[in-house]
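Student: below are the sequence and a predicted model for it; my questions follow.
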Amino acid sequence: MSVRALEVAVVGIVLTTLAASGPAGLLDAPTHRPTALGDGTADAEVASLPADDLRIDPGRFGTGTWYLRVPAATVAVNAVEGTPRLIYRVEVPALDLTAEAKRLIEPGDERTVRLAPDDVGIGPDAPDGPVEAQVTVAVQSFEDHQTIHERNVTVEVAQ
């Protein structure tokens, strides 16, 4: 077989595959998980949110940095339409800090979802005393924003 014949065969296979997997084709293209927020809604309810466990304590291993530690939340999700996302946010205005975890959801994600924000570094100095934080869990899309939990809590500073 000549190189030219091999090239024609490869091009023919590629074109046939593209035609067969197109909108009018016989093959289904694999689906993928969405990577961007879209329109949609979902019913959601907080299953576990240990907001009273928020704390500020020193870093480990002699880092010399204080951290806002945020416990994970779990949210029960039902009736998902489109591609909304869950947001779990902890804001500490006095320290200008925000810890946040987001997760896109789509139809078929009717389950309990765990959201765990990363710890947030504060710096070498701890606050002088407890600080106030706002804890929010919401379902968000381009067409809707539904807050399903909102609460103010006091965050203790480790001694």
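Tutor: Sure thing, it's come through. Residues are numbered from 1 along each chain as shown.

Student: what mean pLDDT does stretch 57-66 have?
Tutor: Average pLDDT, stretch 57-66: 81.

Student: one more: stretch 152-159?
Tutor: For stretch 152-159, the mean pLDDT works out to 88.

Student: just give me how far that stretch sits from the chain centre.
Tutor: 25 Å (CA atoms, centre = their mean, to the nearest Å).

Student: now do that stretch: everything it contacts.
Tutor: With CB atoms under 8 Å, 6 or more residues apart in numbering as the test, stretch 152-159 has contacts from 51-52, 54-58, 68, 92, 126-135. Placement of C-beta: from N, CA and C, glycine included.

Student: OK, contacts around the residue nearest to residue 116 when sequence neighbours are not counted?
Tutor: Leaving aside its chain neighbours, residue 116 sits nearest to residue 72 (3.8 Å; criterion: CB to CB, 6 or more residues apart in numbering). When the contact criterion is CB under 8 Å, 6+ apart, the partners of residue 72 are 114, 115, 116.

Student: can you list the buried residues in stretch 134-154?
Tutor: Neighbour-count burial for stretch 134-154 flags 135, 137, 138, 139, 140, 141, 148, 149, 153 (criterion: 16 or more other CB atoms under 10 Å).

Student: so how far is residue 56 from the last one?
Tutor: Read that as residue 153. Separation of residue 153 from residue 56 (CB to CB, to the nearest Å): 12 Å.

Student: can you name the element that comes right after the lowest-mean-pLDDT helix or strand in the chain?
Tutor: Within the chain, no helix or strand scores below helix 3-21, which has a mean of 72 by mean pLDDT, DSSP states H and E. Proceeding N to C from helix 3-21, the next assigned helix or strand is strand 40-48, under DSSP states H and E.

Student: relative to that following strand, what are the paired strands and their orientations?
Tutor: According to DSSP bridges, strand 40-48 forms sheet pairs with strand 73-82 (antiparallel).

Student: any low-confidence regions in the chain?
Tutor: Within the chain, the ranges that satisfy pLDDT under 70 run 18-37.

Student: and the buried residues of stretch 134-154, which is closest to residue 64?
Tutor: Residue 64 lies nearest to residue 153 out of these, by CB to CB, at 26.6 Å.

Student: in the sheet, who's paired with residue 77?
Tutor: residue 44.

Student: and it, how many neighbours?
Tutor: Residue 77: 20 surrounding residues under other CB atoms under 10 Å.
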